[in-house]
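Trainee: Got a predicted structure plus its sequence, pasted below:
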Amino acid sequence: MNRRRLHGVIFIVSVLLFAGNGLHLAQEPGMEAMMKLAQPGEHHKMLAMLEGTWKTHGTFWMVPGAPPIESDGISKNTMIMGGRFLKSELKADFMGMPFTGFGIDGYDNASQKHIGTWMDSMGTMIMSSEGTCSDDHKVRTMISEFQDPATGKQMKMKQVITIVDSDKHIFEAYMITPEGEVKAMEIIYTR
């Protein structure tokens, strides 16, 4: 048998062995559980309700006792990765300057928690959050921890996303302080 033919036979045998081993692994109970956890479910359907293009109106309380700052923008939300995650891209005007933000929200079937990340043009951090939702999937409550850029101290923020109906939802954020919760922002999404 010539060398070229021998290499071809070895390649074919290797492929068949690997394929057979892969079929065996796919039948393992652990693999079956992993595949089940990878499927979108009811929580992902709730996230899909937020898909589409939304007008935003934000109110921000930057300094206690001072008038709030208001901002209008557009958020484009798209379900990605087979309906597993919601990608949000926000463009707005904030204090006369362009503002952009980008977030990914999902539900981790294994931990049974809602998860999210957010980054925007006002900083260099990526904020991570996790939380739960109401039984009807219309109110999601998330907690984030991050470093305050002004003081360097760790801060906590609670975010509440309420789906009012198919054309309106509200995002509220509260700073968690030793004295209690202080509302920092509210963004109303409509279409």
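Mentor: In hand now; what should we look at?
Trainee: switch to C-alpha atoms for all contacts and neighbour counts from now on
Mentor: OK.
Trainee: In the beta-sheet assignment, what are the partners of residue 174?
Mentor: residue 158, residue 183 (DSSP bridges).
Trainee: Residue numbering should commence at 11 henceforth.
Mentor: Yep, numbering from 11; the last one is residue 184 now.
Trainee: What's the local residue count around it?
Mentor: For residue 184, the count of nearby residues is 18 (other CA atoms under 10 Å).
Trainee: gap between it and residue 82?
Mentor: Residue 184 sits 20 Å away from residue 82, going by CA to CA, to the nearest Å.
Trainee: Residue 172 in helix, strand or coil?
Mentor: strand (DSSP: H, G, I helix; E, B strand; the rest coil).
Trainee: okay, now it: neighbour count?
Mentor: Neighbours of residue 172 under the rule other CA under 10 Å: 19.
Trainee: hang on, it packs against residue 183?
Mentor: No. Contact criterion CA atoms under 8 Å: residue 172 and residue 183 do not qualify, at 11.6 Å.
Trainee: Only C-alpha atoms, please: export stretch 80-95 in PDB.
Mentor: The C-alpha coordinates for stretch 80-95 follow below in PDB (Å, rounded to 0.1, in the frame of the first residue of the first chain):
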ATOM      1  CA  GLU A  80     -34.100  64.700  30.900                       C
ATOM      2  CA  SER A  81     -33.000  62.900  27.700                       C
ATOM      3  CA  ASP A  82     -34.700  61.400  24.600                       C
ATOM      4  CA  GLY A  83     -33.400  58.600  22.400                       C
ATOM      5  CA  ILE A  84     -34.000  55.400  20.500                       C
ATOM      6  CA  SER A  85     -33.300  51.900  21.600                       C
ATOM      7  CA  LYS A  86     -33.100  49.000  19.100                       C
ATOM      8  CA  ASN A  87     -33.500  45.700  20.700                       C
ATOM      9  CA  THR A  88     -32.800  42.400  19.000                       C
ATOM     10  CA  MET A  89     -33.100  38.800  20.100                       C
ATOM     11  CA  ILE A  90     -29.800  37.000  19.300                       C
ATOM     12  CA  MET A  91     -28.300  33.500  19.500                       C
ATOM     13  CA  GLY A  92     -31.500  31.700  18.700                       C
ATOM     14  CA  GLY A  93     -33.700  33.600  21.100                       C
ATOM     15  CA  ARG A  94     -31.400  33.200  24.100                       C
ATOM     16  CA  PHE A  95     -30.300  36.800  24.600                       C
END
